[in-house]
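Q: Take this sequence and fold it.
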Amino acid sequence: MITRTAIATAALVLAAACGQESAQPQELPETAGPLPSPSEMPGPDEGVYPSMMRATASIIGAEGTEIGTANFLDGPNGELIRVELSKGALEPGWHGIHLHAVGTCEDVGEFKESGGHQGKHEGGHGLLNPKGPEAGDLPNIWVAADGSAGYEAFTRLTGLDALLDDDGSAIIIHEDEDDHMTQPIGGAGARVACGVIE
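A: Numbering: from 1, shown residues only. The predicted structure follows:
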């Protein structure tokens, strides 16, 4: 009769053998040599520039009229975003600004149809959040006393390949500032401006 101890011992031996089998090194294909370091790669000084995708967005306010523009430039290491808002566009002060998952602003004044943030995940909102950030999280935008704004931000969290997917994306500006921690939108409040990224 086989005892429980014998069965357990056999199971351990079998598991160890399987582990050793899977741990065998695999042969790697031959390469032409080591990859170049970043300092050895050609760059702007040598006249070599990466192919950069571009996109724009016409930003509309709560009344449905254009209040500014956003420009997107896809670089080799991330996304450069520049926003310009006209005088009287928004209330002065800090406002949350995010990239949203659906490219629509059709529900003017609400802008809910643009969905949640790009790359949204439960409990992950916020540039200061240990569980985050989400791909759509950006630093706040400052609106001057005359209601205009100039803003430039760089993000490594997303790129135009993701922003220009089948259902597109939108850039949304909120009523209040984003504290970069509170779920789900950093306490930024209502959506007051929207632009479809194209």
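Q: residues in contact with the longest strand seen in the chain?
A: In terms of residue count, the longest strand belonging to the chain (DSSP state E) is strand 66-75. Strand 66-75 has contacts (C-beta atoms under 8 Å, 6 or more residues apart in numbering) with 50, 52-61, 79-86, 88-90, 149, 159-161, 163, 171, 193, 195, 197. Any C-beta I mention is one placed from the backbone N, CA and C, and that applies to glycine too.
Q: Just the buried residues of stretch 108-123, please?
A: Within stretch 108-123, the residues scored as buried using 16 or more other C-beta atoms under 10 Å are 111, 114-120.
Q: same thing with stretch 128-139?
A: So for stretch 128-139, counting by 16+ other C-beta under 10 Å, buried means 129, 132-139.
Q: picking up where we left off before, now, of the contacts of strand 66-75, which are buried?
A: Buried among the contacts of strand 66-75 by 16+ other C-beta under 10 Å: 55, 57, 59-61, 79-81, 83-86, 89-90, 149, 159-160, 163, 171, 193, 195, 197.
Q: Restricted to strands, list those.
A: Those of the buried ones among the contacts of strand 66-75 lying in strands (DSSP E): 55, 57, 59-61, 79-81, 83-85, 149, 171, 193, 195.
Q: and which of these is nearest to Thr155?
A: Glu79 (5.1 Å; C-beta to C-beta).
Q: So for stretch 171-183, first residue to last residue, what's the gap.
A: 19 Å (C-alpha to C-alpha, to the nearest Å).
Q: Now do it: everything it contacts.
A: By C-beta under 8 Å, 6+ apart, stretch 171-183 touches 57, 59, 70, 81, 83, 90-91, 93-100, 111, 114, 123, 125-129, 133, 137, 140-141, 185-195, 197.
Q: which of the residues in that stretch are buried?
A: Neighbour-count burial for stretch 171-183, counted by 16+ other C-beta under 10 Å, picks out 171-180.
Q: Please convert the residues you listed to a markdown table, extending it with secondary structure.
A: Formatted as a markdown table, the buried residues of stretch 171-183 follow (DSSP: H, G, I helix; E, B strand; the rest coil):
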| residue | secondary structure |
| --- | --- |
| Ile171 | strand |
| Ile172 | strand |
| Ile173 | strand |
| His174 | strand |
| Glu175 | coil |
| Asp176 | coil |
| Glu177 | coil |
| Asp178 | coil |
| Asp179 | coil |
| His180 | coil |
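Q: What helix or strand is the most centrally placed residue in the chain located in?
A: With distances taken as C-alpha atoms, centre = their mean, Ala135 lies nearest the centre of the chain, 2.3 Å away. Using DSSP states H and E, Ala135 falls within no helix or strand.
Q: what about the closest residue to it other than its chain neighbours, which SS state?
A: Counting by C-beta to C-beta, 6 or more residues apart in numbering, Ala135 lies nearest to Gly119, which is 2.8 Å off, once chain neighbours are set aside. At Gly119 the chain is in coil, as set by three-state DSSP.
Q: Surely Gly119 is in contact with Gly132?
A: No - using C-beta atoms under 8 Å, Gly119 is not in contact with Gly132; the gap is 9.4 Å.
Q: I am finished for the moment; much appreciated.
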